[in-house]
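A.B. asks: sequence and predicted structure below; questions after.
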Amino acid sequence: MKTLLASLTLCLATQAAADSVAGSKSYGKPFEVKNPISLAELNKNLEQYLGQTLQLSGKVGAVCSKKGCWIGLTDEGKGLRQVRIKFAGYSYFVPGHTQVGLPVTVHGKVVEKELSDAEKKHLKSDGAKLGADGHPTDTEIRLVAEGVIIGS
């Protein structure tokens, strides 16, 4: 029993050290970052990417303030259509206090989602800004993420 406890403690310490050394934190399914596209690239070729599974990188623009069930990617004032990151199967969340401006890379499927009035109301109550930069408020581009890496 002592050996098991020591092994578990070592594993947790190793993971914590790896996270702090890398300066990042992973959520959901782990993945290796390989050729992520930018928010600008996604916007430029949206039709090509809809329905595709890919890696997308950007910066945290907003996070669900209630329980961390979504992340909004920012375009840093470039007027691009925003992308909301939702988590596959509602199976994990990120901390609601995640710092805006941190780099983020996500692995998942790009979809276009028509929003009901109830969904719009819910998102707004979580701190979401719909229709930013003159883009539609009835639909949004989402990446349904299997995994997320936040930080450097």
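C.D. replies: Done, it's in.
A.B. asks: return the distance of stretch 34-52 from the chain's centre.
C.D. replies: 15 Å (C-alpha atoms, centre = their mean, to the nearest Å).
A.B. asks: what segments of this protein are helices?
C.D. replies: For the chain, the helices defined by DSSP state H occupy 2-22, 39-44, 46-49, 117-125.
A.B. asks: need the least confident one among those helices, by mean pLDDT.
C.D. replies: Lowest mean pLDDT within the helices of the chain: helix 2-22, a mean of 41.
A.B. asks: Leu80 contacts Leu46, correct?
C.D. replies: No. With contact defined as C-beta atoms under 8 Å, Leu80 does not count as touching Leu46 (10.1 Å). Where C-beta positions appear, they are placed from N, C-alpha and C, glycine not excepted.
A.B. asks: and these two? Which one has more around it.
C.D. replies: Leu80 (21 against 14; other C-beta atoms under 10 Å).
A.B. asks: which residue is the nearest non-sequential neighbour of the more buried one?
C.D. replies: Asn43 (4.5 Å; C-beta to C-beta, 6 or more residues apart in numbering).
A.B. asks: and Gly127, by the same measure?
C.D. replies: Per C-beta to C-beta, 6+ apart, closest to Gly127 is Ser65, 4.3 Å.
A.B. asks: and Lys120, how far from Thr137?
C.D. replies: Lys120 sits 7 Å away from Thr137, going by C-beta to C-beta, to the nearest Å.
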